[in-house]
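Engineer: need a 3D model of the following:
(chains A and B)
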There are 2 protein chains.
Amino acid sequence: MTRVALLIEYSGRLFHGSQFQVGVRTVQEELEKGLTVLCRRPMKVIFSGRTDSGVHAKGQVAHFDIDDFDGDFYRFLWALNGILPDDLSAYEGAIVPHDFHARYSATERIYVYRILNRQQRSPILAANHYLVRLPLDVEAMRSAASCLLGTHDFTSFRSANADETSPLCSVQRVQMLKLDEGQLEFWIGANHFVYNMVRIIVGTLVEIGLGKRAPESLHEALSGRDRNLSGTTAPAHGLTMQMVKYPESLRLFEKSAEKCNLPI
Amino acid sequence: MTRVALLIEYSGRLFHGSQFQVGVRTVQEELEKGLTVLCRRPMKVIFSGRTDSGVHAKGQVAHFDIDDFDGDFYRFLWALNGILPDDLSAYEGAIVPHDFHARYSATERIYVYRILNRQQRSPILAANHYLVRLPLDVEAMRSAASCLLGTHDFTSFRSANADETSPLCSVQRVQMLKLDEGQLEFWIGANHFVYNMVRIIVGTLVEIGLGKRAPESLHEALSGRDRNLSGTTAPAHGLTMQMVKYPESLRLFEKSAEKCNLPI
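Structural biologist: Numbers count the residues shown, from 1 in each chain, chains lettered A, B, ... in the order given. Prediction:
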């Protein structure tokens, strides 16, 4: 038996999230279906973490166990991507130790949230940018966001219908990038995220950028541990799971650092 | 009567090109339909240049004449984009002199052609990147492309079924950018392009990058003035009309330079 990890990309638009749910189309269902056809036996995968309905992934990681694998990822990925639908692709693979776990071995998850700040909509960027039509004060958003670094209780940034995992998250990186043409990217990396955390943080930052709330209110929301203190949840389609990090000793995917274009 | 210029963006996937054709969906048809509804009289537009079926535009320019325009572009664009389909948007407008002509007043057109150079397909980049699965020698492509600068006869880079415009084009800028994750951008600006010119140049450059032809062969094709000397035509969906330049004295669209993110 061999344990295999795959680096996976998908456009979230037509998926009801990553995790299997009866009766709707999910990434897990499509990936397991493809692997089951390819391996000619029922296959199950485990993801590094869930993504919501509509959220994209550039560097989602999944693992599964397989018998009689010859290690030829070139042929394996070629065949698998021939079976998978157009909005899902497995673009790199690695054989991993038997105790590797896509979710529990991960040390950091990195998300990017994309905003387009201009009056009129953009057909080219619409698929993965949240359109904010009124001008944003990016400096105010940036200065507010800096308080997220470090270990905090993110109860205020967790959806009401959240699961029971710990609200403690260690945020390892935060960056607000101002690109050309009104494009903004908010990067955040942490060991762990609570449900809807990035989208609620971004929703709050946008309210700060619009002058609807003070920059300090983000820090106040954080220390207040109350969902009522933070802002609205930003839409799913602006969010991309960009990269999952594992201990360096695993040397998981060749060139994976290069593949991720971290700005930080 | 007022002459108005619009800055237009579209995703080319579901359009049979920019120019009106009977029985198929074109950008011109949709834009004229929208303006006709908004202005309550039949409207005609003139574009800066044609784009083929499948080609995208970030900075296409169109002009038209309108009676009784109050100059309130905020309301005008808001209303127009409410009528236009999702894959077409007019995001900036300007009142221009009566002798302004979107096509004849233009001094430079700038295109970008996007390539993704990796083995497996990318759902996120598929819409506007040409996937080249074998490794490309970007340095060879870059050194070959430099011969395009200046004024040349581009007969070798014009489709057989071309119109009768002059094959002489003055190429003002050429750049091959290597971004992260196997993404390449080929930028080219010229006063004028012949039919399929960018796509034939890129097709030839890709053959050079794959080692199928020598870097010097691009220059040889250029001086040979024979379509048989150049390579295949790269697919339409990698190409975007990025920007059209007009004399600075026109001061056409506020912030339009900023909007275009020229690398050069």
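Engineer: hey, let's count contacts and neighbours off CA atoms from now on
Structural biologist: Fine.
Engineer: ok, which stretches of chain A are strands?
Structural biologist: In chain A, the strands defined using DSSP state E lie at A:2-10, A:46-47, A:56-66, A:88-96, A:108-116, A:130-131, A:150-153, A:168-178, A:183-190, A:239-245.
Engineer: can you redo the ones you listed as CSV with mean pLDDT, distance to chain B and mean neighbour count?
Structural biologist: Below are those laid out as CSV (pLDDT from 0 to 100; distance: least, Cα to the nearest Cα, whole Å; neighbours: other Cα atoms under 10 Å in any protein chain shown):
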stretch, mean pLDDT, distance to chain B, mean neighbour count
strand A:2-10, 96, 6, 22
strand A:46-47, 98, 18, 20
strand A:56-66, 97, 8, 23
strand A:88-96, 95, 5, 22
strand A:108-116, 97, 12, 24
strand A:130-131, 98, 13, 22
strand A:150-153, 97, 29, 15
strand A:168-178, 96, 12, 18
strand A:183-190, 97, 10, 21
strand A:239-245, 96, 10, 25
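Engineer: including distance to B:Pro85, could those go into CSV?
Structural biologist: Formatted as CSV, those follow (distance: least, Cα to Cα, whole Å):
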stretch, distance to B:Pro85
strand A:2-10, 25
strand A:46-47, 37
strand A:56-66, 24
strand A:88-96, 26
strand A:108-116, 19
strand A:130-131, 16
strand A:150-153, 44
strand A:168-178, 28
strand A:183-190, 22
strand A:239-245, 24
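Engineer: can you report phi and psi for the closest residue to chain B within the stretch 51-200 of chain A?
Structural biologist: Relative to chain B, the nearest point of the stretch 51-200 of chain A is A:Glu181 (4.4 Å; Cα to the nearest Cα). Per-residue torsions, A:Glu181: phi 60, psi 40 (degrees, to the nearest 10).
Engineer: what about the residue nearest to A:Pro85 when sequence neighbours are not counted, distance to chain B?
Structural biologist: Leaving aside its sequence neighbours, A:Pro85 sits nearest to A:Glu30 (Cα to Cα, 6 or more residues apart in numbering or on different chains; 7.6 Å). According to Cα to the nearest Cα, to the nearest Å, A:Glu30 and chain B sit 14 Å apart.
Engineer: burial count for A:Glu30?
Structural biologist: Number of residues near A:Glu30 (other Cα atoms under 10 Å in any protein chain shown) recorded here: 18.
Engineer: I'd say it and A:Asp86 touch.
Structural biologist: No: counting by Cα atoms under 8 Å, A:Glu30 sits too far from A:Asp86 to count as a contact (10.8 Å).
Engineer: if I look at A:Leu88, how far off is B:Phe73?
Structural biologist: 40 Å (Cα to Cα, to the nearest Å).
Engineer: what do you get for A:Glu29?
Structural biologist: With Cα to Cα as the criterion, A:Glu29 and B:Phe73 are 47 Å apart.
Engineer: likewise for A:Val171?
Structural biologist: Distance, A:Val171 to B:Phe73, by Cα to Cα: 43 Å.
Engineer: closest to B:Val202 out of the strands of chain A?
Structural biologist: strand A:88-96 (24.7 Å; Cα to Cα).
Engineer: what packs against that closest one?
Structural biologist: strand A:2-10, helix A:73-83 (3 or more Cα pairs under 8 Å, 6 or more residues apart in numbering or on different chains; DSSP states H and E).
Engineer: can you put those in CSV and add distance to B:Asn117?
Structural biologist: Formatted as CSV, the helices and strands packed on strand A:88-96 follow (distance: least, Cα to Cα, whole Å):
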stretch, distance to B:Asn117
strand A:2-10, 15
helix A:73-83, 15
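Engineer: ok, now which ones touch A:Arg25?
Structural biologist: Contacts for A:Arg25 (Cα atoms under 8 Å, 6 or more residues apart in numbering or on different chains) come out as A:14-16.
Engineer: also A:Gly150?
Structural biologist: Applying Cα under 8 Å, 6+ apart, the residues near A:Gly150 are A:170-172.
Engineer: also A:Trp78?
Structural biologist: Contacts of A:Trp78 (Cα under 8 Å, 6+ apart): B:Gln120.
Engineer: stretch A:134-153: how far from the chain's middle?
Structural biologist: Distance of stretch A:134-153 from the chain centroid (Cα atoms, centre = their mean, to the nearest Å) equals 19 Å.
Engineer: kindly report the same for stretch A:170-182.
Structural biologist: Between the centre of stretch A:170-182 and the centre of its chain there are 15 Å (Cα atoms, centre = their mean).
Engineer: which outside residues touch it?
Structural biologist: Under the contact criterion Cα under 8 Å, 6+ apart, stretch A:170-182 has outside partners A:108, A:116-118, A:138, A:141-142, A:145-146, A:148-152, A:184-192, A:264, B:258-261.
Engineer: picking up where we left off before, what's the closest of the contacts of A:Arg25 to B:Met43?
Structural biologist: Nearest to B:Met43 out of those is A:Leu14 (Cα to Cα; 36.7 Å).
Engineer: for A:Pro42, see how far away the closest residue in space to A:Met1 that isn't next to it in sequence is.
Structural biologist: The spatial neighbour of A:Met1 that comes closest, neighbours along the chain excluded (Cα to Cα, 6+ apart), is A:Asp67 at 4.6 Å. Going from A:Asp67 to A:Pro42 by Cα to Cα gives 12 Å.
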